[in-house]
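# build me a model:
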Amino acid sequence: MRVPPLKVRSTLRVPIVALAAVILLAGAGWVAAQSIKSPARIAADTAAPTPSLVTAAVERRSLATEVIVRGTGRYGKPQPITLPTSGLKTSTQVISRIAKPDRVLRERSVALTVSGRPVIVLRGATPMHRDIGPGDSGEDVRQLEQALRRLGYRVGNVDGRYDGATAAAVAQMYRDKDAAPFGLTEAQTDRLNTASALVGSTTDLMLQARLTLQNARRGATRGEVNQAQLDAETVAELIPPARAAITAARTRIAEATDLAKIAARKQKNGDGVARRDVALAEVEVTVKRNALADAMRAVTAASIPIPPDATEAEVAAARQAQREATARVPQAQAELDAAEAAARAAREVVRQAGSTAGDDGRRAKRDLALGQGDLREAQRLVKTLQRKYHLAVARVALLRKPPADTSAEAAIVRQATREVQRVTAEYNRLAARSGVQVPADEILFFRRTPVRVDSVTAQPGAQVSGEVMTVSNTTLAIDAGLSPQDRSLVKLGLPVRIEDPESGIDVRGKVTYIAPRPGTNPALNDPTRTAIEVTPEGSDQRLVNTSVRLTISIQSTEGKVLTVPLNALSVGGDGQSRVQVDAGGGRTRLVAVNPGLAAAGNVEVEPKQPGALKAGDRVVIGVGLSSAATRAPTGSQAPATPPGISTTPAPDPSGAGAAPATTTPATPAPATTTPAPATTTPDPAASGQTGAVGGASRGP
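Residues are numbered from 1 along each chain as shown. Predicted coordinates:
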């Protein structure tokens, strides 16, 4: 039977609609499935990337530790020049002429002229500290004789004794400088004249004693007795003034002693008012320095960026605060500079007071010495007069006796003869010390010559007091300062490389001086730094007043050694140092080592088991992320893998899934020290700071 067409179409429509509905429902389910995740899927998607070992190659090379500082070149070591006090001169000494700065003073040059007399430069290790004259001896006399002979003068034997030949050579040296040799002073002349007069009077007494002996043998007349009595009375009248001279000399000694004590006390403790001024000035410097720090902190506080949403009034107020804070800094700096200048002036007053006290002390010592000499002379005169008086009284008594026994007269003659011999010997001693002398303030001895005048503090027409000039030798030197850490590393004689790229300076030198304590060089602003001196090889004049880079070699290995990065070392529970070597395939092995010299981020190692570590092996220095994370994208703050360091995937501890990121070695070990990440130490010299590159430690 044939079905009608309409019936067929209605029969097929139902399956088609059902199929379309199924397809729509399947599509909706797929879309919903894409947006819905299970907790396991979420944990898998958010898990950390697979960690990897960060390794570095074991290398064979030389290591060296260095200290790098900045220094400034100069001529020699500055030496202040002061003239000692000469006991031969009693008048005020005035500077007539003085050498100008930059003048080179050679041996036999005249550095300055004082009251018309030259101050001559000679070479010698011992400074002049006393007046030298006939009869003196010592190393200073030998030094003078050596200098005179070196200059071509005839001094006889260089034996450290100032004799006639030495005096003749000194006189010729002064004449060559168109100056008169320094002869006897008035005081020395007076003592010599007194001794000469004493010889004459004692000789007269001896002759009188002889005459008395002759008269005793023949008998004395009435006139002779009267004359002898008159002589005794005359001598008796001279004794009280001589005793008064003793009292006066003792008074002068006491006054000089008191003045010396006062001067010594002032020189030691300084002027109390001046020291108080220094303390107040230093307090003011501290206050001004704190004020400057406050002003700078205010500038920093006012420099905080203005929020984008700030109102115009807030912006204007913030900018006004910045301007006011910035304006206070120059004023605070100026006040600090003024306070520091006042402190320096106060300290200079203290120094001048100490110098003046020193001069007063030297004058007091000179007066004390003169007073002691006068006391001795007065005591000898009293003793002589007393002996004369006893002789005169004895002569009167003898003259009054009848001429019988003359043994007493003979004894008087012998005593008078011995007295003549004694005073004659004293006169000869004084005469032997008479002649050409060398005042202490007319010779300047320098260990090395020539020297160069750096600065002149005294002016022509001024009195000699304190420092007159500053000189330095013509040998080049470089001043620098060491931090407390570097001071423990640097030793005398260490080699130094001296560089300045701008001027092309590249020379070698060595450390020739290290100050005994920090803060001895006022040119170093940091009082914690210890001053050192470096002497360069050669005489490159470009070094003078040039800031140069000093590289001081502290310690180095003997040839090439095995080295690893410092942070590759760790310490096990047994206290032994070790490294972790990448064995490939995600496996590592521990190698026990003996660490050696550390420098520039690397350390010398020696495997305790020979052959367990060799050049080319790779040691673990840390753990990073997967290879996609070991190199940071452009503009990222994350560190990239350092040059020469590779990454090896770390094994999954659980055997499945991704291991969490960690900063410890992938293979657990009983290490008590976790290796630190590799760092790069900047060149301290580039910023004007100092520092040891890598330090001088041995081992971790």
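# quick one: low-confidence ranges for this structure?
Counting by pLDDT under 70, the chain has low-confidence residues at 1-22, 24-51, 184-188, 219-220, 267-274, 353-354, 402-404, 430-433, 624-700.
# can you rerun that using 50?
1-10, 626-700 (pLDDT under 50).
# run through the helices of it in chain order.
Applying DSSP state H to the chain gives helices spanning 5-35, 39-46, 139-150, 164-176, 186-218, 222-269, 272-302, 312-400, 407-432, 484-487.
# which one of the ones you listed lies closest to residue 79?
Judged by CB to CB, the one of the helices of the chain that comes nearest to residue 79 is helix 312-400, at 16.7 Å. Bear in mind the C-beta positions are built from the backbone N, C-alpha and C, glycine included.
# chain center to that closest one: distance?
Mean C-alpha position of helix 312-400 versus that of the full chain (CA atoms, centre = their mean, to the nearest Å) differs by 25 Å.
# equivalent analysis for stretch 475-491, please.
10 Å.
# report the buried residues of it.
476, 477, 478, 479, 480, 481, 482, 483, 486, 487, 489, 490 (16 or more other CB atoms under 10 Å).
# separation between residue 194 and residue 134?
Using CB to CB, to the nearest Å, residue 194 is found at 18 Å from residue 134.
# do residue 306 as well
In terms of CB to CB, residue 306 sits 88 Å off from residue 134.
# which one's more surrounded, these two?
Using other CB atoms under 10 Å as the criterion, residue 306 and residue 134 rank with residue 134 on top: 17 against 12.
# from memory the more buried one sits against residue 438, does it?
No - assessed by CB atoms under 8 Å, residue 134 is found out of contact with residue 438, at 10.4 Å.
# how many neighbours does residue 558 have?
Using other CB under 10 Å: residue 558 sits among 7 other residues.
# in contact with residue 416, which residues?
202, 205, 206, 208, 209, 210, 391 (CB atoms under 8 Å, 6 or more residues apart in numbering).
# and which of these is nearest to residue 285?
residue 202 (70.7 Å).
# tell me, how many residues neighbour that closest one?
So residue 202, with other CB under 10 Å, has 22 neighbours.
# so how far is residue 211 from it?
Residue 202 is 15 Å from residue 211, by CB to CB.
# repeat that for residue 453.
From residue 453 to residue 211 the distance is 69 Å (CB to CB).
# again with residue 75
76 Å.
# tell me which of these two has more neighbours.
Neighbour totals were compared for residue 75 and residue 211, and residue 75 leads with 20 against 14 (other CB under 10 Å).
# ok, the more buried one touching residue 471?
No - contact criterion CB under 8 Å: residue 75 and residue 471 do not qualify, at 9.4 Å.
# which residues do these two both contact?
Contacts common to residue 75 and residue 471, judged by CB under 8 Å, 6+ apart, are 452, 454.
# quick one: distance of stretch 415-435 to the chain centre.
54 Å.
# likewise stretch 558-569?
37 Å.
# give the buried residues for it.
For stretch 558-569, the neighbour count (16+ other CB under 10 Å) marks 561, 562, 563, 564, 565, 566, 567, 568, 569 as buried.
# contacts only, for residue 420.
Residue 420 neighbours (CB under 8 Å, 6+ apart): 199, 202, 203, 206.
# how far away is the second one from residue 129?
This means residue 202. 38 Å.
# what's the answer for the first one, then?
Residue 199 sits 34 Å away from residue 129, going by CB to CB.
# the more surrounded of those two?
residue 199 (19 against 10).
# correct me if wrong: that one contacts residue 423.
Yes - counting by CB under 8 Å, residue 199 touches residue 423, with 5.0 Å between them.
# need the contact list for residue 296.
329, 332.
# ok, 10 Å please
325, 326, 328, 329, 332, 333 (CB atoms under 10 Å, 6 or more residues apart in numbering).
# now do residue 507
476, 496-500, 536-540, 542-543, 548.
# tell me which of those residues fall in strands.
Cross-referencing the contacts of residue 507 against strands under DSSP state E gives 476, 496, 497, 498, 499, 500, 536, 548.
# and those residues as CSV, adding distance to residue 155?
Shown next, in CSV, are those (distance: CB to CB, whole Å):
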residue, distance to residue 155
476, 35
496, 43
497, 47
498, 43
499, 49
500, 48
536, 38
548, 45
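# show the buried residues in those.
Buried among the ones in strands among the contacts of residue 507 (16+ other CB under 10 Å): 476, 496, 497, 498, 500, 536, 548.
# number of nearby residues for the nearest residue to the second one once chain neighbours are set aside?
Spelled out, it's residue 496. Leaving aside its chain neighbours, residue 496 sits nearest to residue 509 (4.6 Å; criterion: CB to CB, 6 or more residues apart in numbering). Residue 509: 24 surrounding residues under other CB under 10 Å.
# cool, residue 588 as well?
Using other CB under 10 Å, the number of residues around residue 588 comes to 24.
# next: residue 388.
22.
# from residue 409, how far off is it?
Residue 388 sits 16 Å away from residue 409, taking CB to CB as the criterion.
# equivalent analysis for residue 451, please.
Going from residue 451 to residue 409 by CB to CB gives 70 Å.
# try residue 585
For residue 585, the distance to residue 409 - CB to CB - is 132 Å.
# and these two? which has more neighbours close in?
residue 409 (24 against 9).
# what's the closest non-adjacent residue to that one?
Counting by CB to CB, 6+ apart, residue 409 lies nearest to residue 213, which is 3.9 Å off, once chain neighbours are set aside.
# isn't the one you found right up against residue 415?
No - using CB atoms under 10 Å, residue 213 is not in contact with residue 415, being 11.8 Å away.
# which one of those two has more residues nearby?
Between residue 213 and residue 415, counting by other CB under 10 Å, residue 213 is the more crowded of the two (20 against 17).
# who's in contact with residue 494?
Contacts for residue 494 (CB under 10 Å, 6+ apart) come out as 67, 509, 510, 511, 514, 532, 534, 552, 553, 554, 555.
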